[in-house]
Structure formats: C-alpha cells, structure tokens
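K.L.:
Turn this into a structure:
(one chain, ligands or ions: 2)
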Amino acid sequence: MAGQGFFQDILDGDVFKFYADGEWKTSTSGKSVGITNPSTLKTAFKVQACTQDEVNKAIESAKVAQKAWAKTPLWKRAEALHRFAGILKDQKNVIAECLVKEVAKAQKDSVTEVVRSGDLISYSAEEGIRIMAEGKFLASDSFPGNGRNKYCLASKTPLGVVLCIPPFNYPVNLAVSKIAPALITGNAVILKPPTQGAVSALHMVHCAHMAGFPKGLIAAVTGKGSEIGDLLTMHPGIDCISFTGGDTGIAISKKAGMIPLQMELGGKDCCIVLEDADLELAANNVIKGGYSYSGQRCTAIKVICVMESVAEELVKNIVDKMAKLKVGMPEDNCDITPVVSQSSANYIQGLVEDAQAKGAKFHQEWKRENNLIHPLLIDNVTPDMRIAWEEPFGPVIPVIRIKTVEEGIHHCNANNFALQGCVFTKDINKAILVSNAMESGTIQINAAPARGPDHFPFQGLRDSGIGSQGVTNSILMMTKVKSTVINLPVESYTMG
Ligand SMILES: NC(=O)C1=CN([C@@H]2O[C@H](COP(=O)(O)OP(=O)(O)OC[C@H]3O[C@@H](n4cnc5c(N)ncnc54)[C@H](OP(=O)(O)O)[C@@H]3O)[C@@H](O)[C@H]2O)C=CC1
Ligand SMILES: O=C(O)[C@H](O)COP(=O)(O)O
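P.N.:
Ligands and ions are numbered 1, 2, ... in the order given. Predicted coordinates for the structure are as follows:
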C-alpha cells in the first residue's frame, strides 16, 4: 500500500511529505495539493505545498552535499545507484499501484515503467563510470606554429545542482532518466515531480533514500508547477535544468539563466505509409504506437499520411484492430484507460469537434465517459483542421490521404513539433531517402516511434526540445569540461 510498511516514513496523516536534507518533512505552509484519480475523479492522494523558504533550503543543502559527492570515487557513486535500482525493482508493485491511481496507467504498464526505471539507473551507473573516468590528452604541436611544449589534460566535471522536472505520463521513468545521469556524474538533484504522478515519484525517491545517498544530495519538493515552478527554474542555485513536458518548457527556456537546458517537449509524430508498405505491420504499429497509454506519449503516432492507393486497405485494417482494444480501467489492464485530467479530455474533445465540423470522416462514434475517451480514427483530415497540426495527447488519430510521398514529408516538416516520425515501406532505399527528408529528432523505419530502449539518443527539434536524452547524452550534458595545461620549459617528444 502507498505510504505503508517500507514507505511509512513518507506519509504524514493523509499528506505525503517532501524530501530534503536526507529527511521526509512536513511543510510549514500547512497547505497541501490534491491529486485526482483520473479514473474515479476522487482525490487519490495529497502532497505538501512547499514554501519558498523550504525550496531555498533544499537547494542550499544540495549545493553543500554536491561538493562532497563530486569527490566521491566513481565506483562508490555507481554502487549507490545499483543499490537504488535494486530497491526500486523490489518495490515495483507498490509504486505501480500509485501510478494506476495517479495517472491511470494500466497496472501491467505501471510495473513495466518501474522495472524499466531500475534498468535505466543501473545502465547509467555503468555508462557513467566509463565516461567519467575518461578524459582527453592533447599535445600542442598538432596546431600549426606550436612545438610540443604544452600538454592539455581535459576532463569532465559535474555542473553542480540539476533541477529535474518530469511529466505526468512517466513520473518515475522520466524522473530517473534525469536523476541517474545527474548523480553518476557527481551532481546533486532537486526533483520537482508532476502533481499527477507526485506520489509515485516520492516512493521512487524513498528507494533512493534507503540506498543511502548522502544527506541533502537529493531533494524532492512538491507543489503545483504553476506556483513553485518559477522559483525553481529561476533560482540562482540551479546549475542545469532537465525538463520533460509540454510548451511549459518553452516558457522555462526563456526564463532560465546561463545554464545548460535539456528539454523534451511535445510531439506530432508523423507516420508515412507508402504504396509498397506491409499494411499489416503498419496497422499493428499504429495500434501499438498510436493508442497505447491512450495516446499519452510524446512519441505516439499523432498523424498518419497514407498514399491514397492503399488508404482504404490500411484504414480497414486499423479499424478492425481498434475494435479489439479493451476500453476501461487501469486496474483491469485495459488498453484504453481514462486520460489524465478533465482538462485534457476537454482539449481532445475540442479537436474532435473541430474536425467533425470541418467534414472529417469518423470510423467510430465519438464516445466519452468523464475522462474515458473511446479510441477514434478520424479520416479524410485536411490541413484546415486543428487535429492535423495539434497534439491531442489522447486516443484519437487523424488520417491524411496523400497523392505523393512529398506531401507526407511536407506535412511532417511543416509542423512546429519535430520529435519522432516513422515510415513504412519494403524498399530500404526509399525508407532512407524519406527518413533523411523528415526533419525530426528520430525516424523509425517500419516501426512506430518510441523513446526506448533508453540508451538510444532521444531528441526533439524545433518546439519539441533542446539537446538530447538517452543515457549517454544525458550523462554528457550534465558535465562540463575542465582543461589543465602543463607548460614544459622546452619542447619534449616522448620517444617511447
Ligand atoms: N517530450 C516528452 O517526452 C513529453 C512531452 N509531454 C508533453 O507535455 C504535455 C502534457 O504533459 P504535462 O505533464 O501536463 O506537461 P506540463 O508541461 O504541464 O508539465 C510538465 C512538468 O512541468 C511542471 N511545471 C508546470 N508548470 C511549471 C513551471 N512554470 N515551471 C516549472 N515546472 C512547471 C509540471 O508540474 P505540475 O504537474 O505541478 O504542473 C510537470 O512536472 C503534452 O503537451 C505532451 O506532449 C509529456 C510527456 C513527455
Ligand atoms: O515522454 C514520453 O511520452 C516518453 O518519452 C515516451 O516514451 P516511450 O516512447 O518509451 O513511451
């Protein structure tokens, strides 16, 4: 049970505590933030609304702890992360229960998220121990006009305090995808979990606490992003921000100071289906890649551009498979579960109604019960419809019928988003040419877009992000370079 047994220290009455200075604390604000269960529309949990002073103190403690952590041997940092990963996996069922109640993620997918997170932590430890142990040695005479009288030793050093802000749809996995690289590189971590998903994240933090990281190195401050977000992102004690979410990230990028930013934002992942595509494969990937977790994935297929000569066959195949999708509650491991909030459901409904008013063809009836939206395939979509361009973050997918592949590429590139996309064709040459022409961070050939496996570089262009994630790139962006130059009195060449 949430907040019981192994996790009893994190709960104060019916409000979950925040974590700072190596302790679970109750805020002096006396205020809490309710977390609504998307399935029941009832309050599932409450978390503290932290004060400005509590945020400031957490950051101060992190700064102090980070100095000592940066002088901790790499193998010890890696060992702590491996302990963290093991404890997290041991607690997968309790944390999965929190995910079910906070973000209506199907129970089996919730367990998968926690196990995947443990694997990401361990992989980060192993990858980080290698990357951080390596530097660069440069001799001066490789540059014209120089003899070999200078040696440059370049090494990677931590940035300081990393602010980690994950989104509701992966409140554990997209938290540790920031936390683990930050810790192995010798940084301290301030976590601001999403309100929907905060308790899942706090349970994850308790696993880190039990792994025995130094006091103050990790903090988790709770409260609405709209209330404490600016205090955190504009705080002088923050040396890096790693953010995943919506266009909030664009606003943050304009407020943050001279610090490294890692942003993964929205997506309008375009699926181009060519005439020679394996339509069964394409249809299966639309189902998996477009409707899993009710389309609440930034990498979900968000628009299908299909050559009109094969459109009827593809659409029929997809519609047949959609009829087999289980719609219902996350506890029952349904494929389609309630979206995260009423505001999200209302937004999705607005896009659907706009498309209907402008003449789109619906292959299913629009059906919504509170936050539960039944899967919808909207056909004959035209560029004047909002759903051709906007991101529903729900189980509705628009189909645009194209006459040429260039039309599909144009639609992909005309979008403000540029996260991922995919192309289905049996001709590898065509696949490469189309993939090269699609201006997105990642293009999948003959499969649906996906962030995983988590060591692959994962990046968004334009309004989809700044920088690159994936374990290795996250590790690298959470470091800075330090050069040490040895000046010899005379030139000297190593003769071996
Ligand atoms: N690229 C990717 O990997 C992902 C992108 N997204 C995109 O995000 C959107 C939905 O996810 P959602 O979580 O609602 O995104 P939001 O951008 O609303 O929230 C993301 C995180 O930012 C926090 N936040 C909100 N306001 C501020 C602020 N002013 N300063 C600092 N932090 C703030 C939120 O906290 P709080 O919850 O308290 O508001 C949450 O933790 C969709 O557009 C989706 O495409 C979502 C998931 C992954
Ligand atoms: O932010 C998201 O939605 C995730 O990055 C998507 O991850 P996935 O492709 O592994 O579901």
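K.L.:
What's opposite Arg462 in the beta bridge?
P.N.:
Phe417 (DSSP bridges).
K.L.:
Get me the contact residues on the stretch 101-250 of the chain for ligand 2.
P.N.:
Residues of the stretch 101-250 of the chain lying near ligand 2 by Cβ under 6 Å from any ligand atom: Asn169, Tyr170, Leu174, Thr244. Quick note: C-beta positions are derived from backbone N, CA and C, even for glycine.
K.L.:
So which of those residues are in helices?
P.N.:
Counted as lying in helices by DSSP state H, out of those, are Leu174.
K.L.:
any chance of the residues of the stretch 101-250 of the chain next to ligand 2 in JSON lines, with neighbour count too?
P.N.:
Formatted as JSON lines, these follow (neighbours: other Cβ atoms under 10 Å):
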{"residue": "Asn169", "neighbour count": "24"}
{"residue": "Tyr170", "neighbour count": "26"}
{"residue": "Leu174", "neighbour count": "30"}
{"residue": "Thr244", "neighbour count": "26"}
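K.L.:
What is the nearest of the residues of the stretch 101-250 of the chain next to ligand 2 to Val481?
P.N.:
Among these, Thr244 lies closest to Val481 (Cβ to Cβ), at 25.5 Å.
K.L.:
excluding its backbone neighbours, what's nearest the closest one?
P.N.:
Of all residues not flanking Thr244 in the chain, Glu264 sits nearest, at 4.3 Å (Cβ to Cβ, 6 or more residues apart in numbering).
K.L.:
count of residues packed around that neighbour?
P.N.:
Glu264 has 29 neighbouring residues, counting by other Cβ atoms under 10 Å.
K.L.:
how about the residues of the stretch 101-250 of the chain next to ligand 2, which pair is most distant?
P.N.:
Greatest spatial distance in those: Asn169 and Thr244, 9.0 Å, computed using Cβ to Cβ.
K.L.:
what do those two both touch?
P.N.:
By Cβ atoms under 8 Å, 6 or more residues apart in numbering, Asn169 and Thr244 have these common neighbours: Cys298.
K.L.:
Got the phi and psi for Gly212?
P.N.:
phi 90, psi 40 (degrees, to the nearest 10).
K.L.:
wouldn't it be in contact with Arg83 here?
P.N.:
Yes: Gly212 is in contact with Arg83 according to Cβ atoms under 8 Å; the separation is 6.7 Å.
K.L.:
Where does the prediction get shaky in the stretch 51-200 of the chain?
P.N.:
For the stretch 51-200 of the chain, no stretch has pLDDT under 70.
K.L.:
tell me which parts of the stretch 201-350 of the chain are close to ligand 1?
P.N.:
So the stretch 201-350 of the chain meets ligand 1 at 224-226, 229-230, 233, 244-246, 248, 252, 264-267, 298 (Cβ under 6 Å from any ligand atom).
K.L.:
contacting residues around the residue positioned nearest the centre of the chain?
P.N.:
With distances taken as Cα atoms, centre = their mean, Leu174 lies nearest the centre of the chain, 4.3 Å away. Going by Cβ under 8 Å, 6+ apart, Leu174 touches Pro166, Pro167, Thr244, Glu264.
K.L.:
Now distance to Leu281 and secondary structure too, for those, in a markdown table please.
P.N.:
Shown next, in a markdown table, are the contacts of Leu174 (distance: Cβ to Cβ, whole Å; DSSP: H, G, I helix; E, B strand; the rest coil):
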| residue | distance to Leu281 | secondary structure |
| --- | --- | --- |
| Pro166 | 32 | coil |
| Pro167 | 30 | coil |
| Thr244 | 29 | strand |
| Glu264 | 27 | strand |
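K.L.:
Skip the chain neighbours and tell me the closest residue to Asp164.
P.N.:
For residue 164 the amino acid is Cys, not Asp. Cys164 sits nearest to Lys178 (Cβ to Cβ, 6+ apart), 3.8 Å away.
K.L.:
SS state for the one you found?
P.N.:
Counting by DSSP: H, G, I helix; E, B strand; the rest coil, the backbone at Lys178 sits in helix.
K.L.:
Enumerate every residue touching it.
P.N.:
Val162, Cys164, Pro166, Val189, Ser242, Thr244, Gln262, Ser474.
K.L.:
rerun at 10 Å
P.N.:
Lys178 makes contacts with 162-166, 189, 191, 240-244, 262, 264, 469, 474, 478, as judged by Cβ atoms under 10 Å, 6 or more residues apart in numbering.
K.L.:
Quick one: the strands in the stretch 201-350 of the chain, in order.
P.N.:
218-220, 240-244, 261-264, 269-273, 301-307 (DSSP state E, counting those that start in this stretch).
K.L.:
As a markdown table, those strands with mean pLDDT would be great.
P.N.:
Shown next, in a markdown table, are these (pLDDT from 0 to 100):
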| stretch | mean pLDDT |
| --- | --- |
| strand 218-220 | 99 |
| strand 240-244 | 98 |
| strand 261-264 | 98 |
| strand 269-273 | 98 |
| strand 301-307 | 98 |
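K.L.:
Need those strands in a markdown table (columns: distance to Ile443).
P.N.:
A markdown table is the format used below for the strands of the stretch 201-350 of the chain (distance: least, Cβ to Cβ, whole Å):
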| stretch | distance to Ile443 |
| --- | --- |
| strand 218-220 | 36 |
| strand 240-244 | 20 |
| strand 261-264 | 17 |
| strand 269-273 | 9 |
| strand 301-307 | 13 |
